[in-house]
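S.K.: here you go, sequence then predicted model.
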Amino acid sequence: IHWDGRAWSRQPTPTTRSLWGVWGAAPDDLWAVGGDGVADAPPVLLHWDGGRWRDEPIPTLQRSGVGAFFKVWGTGADNVYVVGQRGVVLHRVGGAWREELVGVSADLVSVWGTDADHVLAVGGRANAVVARWDGRAWTARTLDYFPGLNGVWMRRPDAAHVVGAQGTSLRIDLASLAVREETVPTALDLHAVFGDASGRLTAVGGSLSSLSGPFDGVALTRPL
């Protein structure tokens, strides 16, 4: 769906499969990613050129069984990252997509950064995993004491705010990947986190993993 400054409108796409993330470098250069997570169905990668959404060819993946991409983020038209199932990472550079092996086999659910040399991907299911790009190489780490992570946002290149399952809220030092846990007033899963220009950090989530309810949502906010 698209907001034009006055109202939301639904845009047609060439897929009926789930879409999980969207990011753009310009109004006529947007990417959307998704998929149903089924091994025999490929993930979804769409591009908006200002006129319509089109399927984007996906390079042959070295990782097998990838059925979904979950998030997309970049610093510009020629530096875009896609993360997804089984630790897959695509990087768009030189006008083409290439797969990068980052040392993670668990799902990567979100990615964010501040510039081309400071990028953090997060995910995991039973245990949290993080993968950092420092401009030269990827470094991965499993955070054994925390459940899976769902969202990441960075205001500065030296630290990231990360949220995840069971009310997990972390601050991660990018240089060392050291973790500081933050106490929040919920045990519900947190799915996304973002800081705005007013100086507020907001995290949102809910009981998405509940099969029978009650179905609750949660929004938390604090000063940065």
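M.R.: Structure received. Numbers count the residues shown, from 1 in each chain.
S.K.: which strands and helices sit next to the host helix or strand of S110?
M.R.: Element membership of S110 [criterion: DSSP states H and E] is strand 108-115. Here strand 108-115 touches strand 69-76, strand 79-84, strand 118-123, strand 128-133, strand 149-156, going by 3 or more C-beta pairs under 8 Å, 6 or more residues apart in numbering; DSSP states H and E. No exception for glycine: its C-beta is placed from N, CA and C like everyone else's.
S.K.: and these: which comes nearest G206?
M.R.: strand 149-156 (11.3 Å; C-beta to C-beta).
S.K.: tell me which strands that closest one pairs with, and in which orientation.
M.R.: Sheet pairing of strand 149-156 (DSSP bridges) gives strand 159-164 (antiparallel).
S.K.: relative to strand 118-123, how tilted is the partner strand?
M.R.: Between the axes of strand 159-164 and strand 118-123, defined by axes from the mean of the first three to the mean of the last three C-alpha atoms, to 10 degrees, the angle is 10 degrees.
S.K.: residue boundaries of the helices in this protein?
M.R.: In the chain, no helices are found when defined by DSSP state H.
S.K.: ok, the nearest residue to L45 once chain neighbours are set aside to A41 distance?
M.R.: With C-beta to C-beta, 6 or more residues apart in numbering as the criterion, L45 has its nearest non-adjacent residue at 4.4 Å, and that residue is E56. Counting by C-beta to C-beta, to the nearest Å, the gap from E56 to A41 is 16 Å.
S.K.: go on, A159?
M.R.: Applying C-beta to C-beta, the value for A159 to A41 is 37 Å.
S.K.: between these two, which has more neighbouring residues?
M.R.: Per other C-beta atoms under 10 Å, whichever of A159 and A41 has more neighbours is A159, with 18 against 13.
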